[in-house]
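> I need the structure of the sequence given here:
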Amino acid sequence: MKPGIKIQLSFMMFLEFFIWGAWFVTLGTFLGKNLQATGGESAKVFATQSWGAIIAPFIVGLIADRFFNAERILGILHLIGAALMYFMFRSENISSFYPYVFTYMALFMPTLALVNSVSFRQMSNPEKEFSFIRVWGTIGWIVAGLLISYVFHWDSKESSDQGALRNTFAMASVVSLVLGIFSFALPKTPPVQIAKEDRSITKLLGLDALKLLKDKNFLVFFIASILICIPLAFYYQNANLFLSEINLANPTGKMTIGQMSEVLFMLCLPIFFKRFGFKNTILLGMLAWALRYALFAYGNPGELAFMLILGIALHGLCYDFFFVCGQIYTDAKAGEKYKSAAQGLITLATYGVGMLIGFEVAGMISDHYKIAENAHDWKMVWLIPAGIAAAVMLLFALSFNDKTKAEAPKETGAVI
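Reported below is the predicted structural model:
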């Protein structure tokens, strides 16, 4: 790959995930403190990510891949997204905010696939080249969080109480505008010519991979993937609000430790995979979910602050050892015929169905354990997802017994 193209793609990834990290991490705190949203209302807002994941295959599979250049669709979606972000910035209540965030996520989630498409089409050896490009996305997410906490101080108690978190949407709007314009300068990525027999909606949406569910072990993994997304949703929806309510300094900046740990554990994943195998590696990831929420339940911003930091740092182990490990297993199980379809199916199941259920459960639990304005019984809020993660781990340990040999790639890209 030419150095100039490598720089373009890296900058594209940086902006793509900077935008997401600029507003999504602090969203729960903004909704609760600035829009006075209930746990149920927050759940509906966070669930727009899941609806976006469900809608995404239709935009990418039925429109982008068939009729238009990927970089042009990417540009148009981000330009519209910039306008929607501005309207979210101006919204004064949850009823006016929700239509904008729903529309935005329906358009943003497809861009996650589009940036990958633009990248892969420029690569002759994706296994070696993609990780360098993708890691800039993780860096973009980290930089957004550090700016919010340590440069602008929008998430400090005084600033957030005065509505400063609203500025995160303005920042995301500006960067989305930049990426929208920049996208038209990216390498041309024309639609792929699809064979006549592959043009059915079933094949374009990856539903052919449903045949894999006939395999008992893959079905167990599939169900576990959906269920583990319930505790995952608690983290996305409640972690920043939790850290803000208990007055941990610079919560958004500290949460970037989770993304930093992803890079570290991504490097460790092939070693664990080779030494302990798929089942034990994925069980370790599940155990980490239960452990991190126990640390959140019993930690505090004082002498036990190290428990909160350790819980945040476990994000890389939680995510990489379950989700990335699961992607590797799915790739090996699917075979050449169903590789893309199977990955699409798992994404739909996790970020679509699983997270949709998870956000709803997290909202119900948050409302049930709300004890005052801007105050929750956080110990109980976190012990419940810890118990769910432990139960899923036990179910998987007892039910899964697949001897499939899946090789971990030598290099891969970190995923938020």
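> which stretches of the stretch 201-350 of the chain aren't confidently modelled?
Where the stretch 201-350 of the chain drops to pLDDT under 70, the residues are 201-208, 335-341.
> where along it do the helices fall?
Along the stretch 201-350 of the chain, counting by DSSP state H, counting those that start in this stretch, helices occupy 201-204, 216-245, 251-298, 305-313, 315-319, 325-347.
> per-domain residue ranges of the chain.
1-205, 206-401 (automatic domain parsing).
> Endpoint to endpoint, stretch 361-380 covers what distance?
This stretch, stretch 361-380, spans 14 Å end to end (CA to CA, to the nearest Å).
> Quick one: distance of that stretch to the chain centre.
Taking CA atoms, centre = their mean, to the nearest Å, one finds the center of stretch 361-380 at 23 Å from the center of the full chain.
> ditto for stretch 69-83
Centroid separation for stretch 69-83 versus its chain: 20 Å, with CA atoms, centre = their mean.
> next one: stretch 154-165
So, by CA atoms, centre = their mean, the centroid of stretch 154-165 is 25 Å from its chain's centroid.
> One more: stretch 100-107?
Using CA atoms, centre = their mean, the offset of stretch 100-107 from its chain centre is 15 Å.
> which other residues reach it?
Stretch 100-107 is contacted by residues 45, 48-49, 51-52, 55, 59, 77, 80-81, 84-85, 87-88, 91 when judged by CB atoms under 8 Å, 6 or more residues apart in numbering. Where C-beta positions appear, they are placed from N, C-alpha and C, glycine not excepted.
> hmm, back to that, mind putting the domains of the chain in CSV, mean neighbour count included?
As requested, the domains of the chain are exported to CSV (neighbours: other CB atoms under 10 Å):
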stretch, mean neighbour count
domain 1-205, 19
domain 206-401, 20
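> rewinding a little: may I see the helices of the stretch 201-350 of the chain organised as JSON lines, with distance to residue 97 added?
Shown next, in JSON lines, are those (distance: least, CB to CB, whole Å):
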{"stretch": "helix 201-204", "distance to residue 97": "33"}
{"stretch": "helix 216-245", "distance to residue 97": "15"}
{"stretch": "helix 251-298", "distance to residue 97": "20"}
{"stretch": "helix 305-313", "distance to residue 97": "27"}
{"stretch": "helix 315-319", "distance to residue 97": "27"}
{"stretch": "helix 325-347", "distance to residue 97": "26"}
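> Quick check: the closest residue to residue 272 other than its chain neighbours vs residue 329, distance?
Of all residues not flanking residue 272 in the chain, residue 281 sits nearest, at 4.9 Å (CB to CB, 6 or more residues apart in numbering). Distance, residue 281 to residue 329, using CB to CB, to the nearest Å: 9 Å.
> got it, and residue 222?
From residue 222 to residue 329 the distance is 11 Å (CB to CB).
> Which parts of the stretch 101-250 of the chain are strands?
Using DSSP state E, counting those that start in this stretch, the stretch 101-250 of the chain contains no strands.
> just to revisit the earlier point, now, among the contacts of stretch 100-107, which is nearest to residue 179?
Distance to residue 179, by CB to CB, is smallest for residue 81 among those, at 8.7 Å.
> Please name the nearest non-neighbouring residue to the closest one.
Spatial nearest neighbour of residue 81, chain neighbours left out: residue 176 (4.7 Å); criterion: CB to CB, 6+ apart.
> same deal with residue 213?
Spatial nearest neighbour of residue 213, excluding adjacent residues (CB to CB, 6+ apart): residue 219 at 5.0 Å.
> The one you found touches residue 225, doesn't it?
No: at 10.6 Å, residue 219 does not count as touching residue 225 under the criterion of CB atoms under 8 Å.
> about what we covered before: list the contacts of the residue nearest to residue 81.
Here residue 176 is in contact with 19, 78-79, 81-82, 85 (CB under 8 Å, 6+ apart).
> Format these as JSON lines; extra columns: distance to residue 209 and pLDDT.
What follows is the contacts of residue 176, written out as JSON lines (distance: CB to CB, whole Å; pLDDT from 0 to 100):
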{"residue": "19", "distance to residue 209": "30", "pLDDT": "98"}
{"residue": "78", "distance to residue 209": "29", "pLDDT": "97"}
{"residue": "79", "distance to residue 209": "33", "pLDDT": "98"}
{"residue": "81", "distance to residue 209": "29", "pLDDT": "97"}
{"residue": "82", "distance to residue 209": "35", "pLDDT": "98"}
{"residue": "85", "distance to residue 209": "34", "pLDDT": "98"}
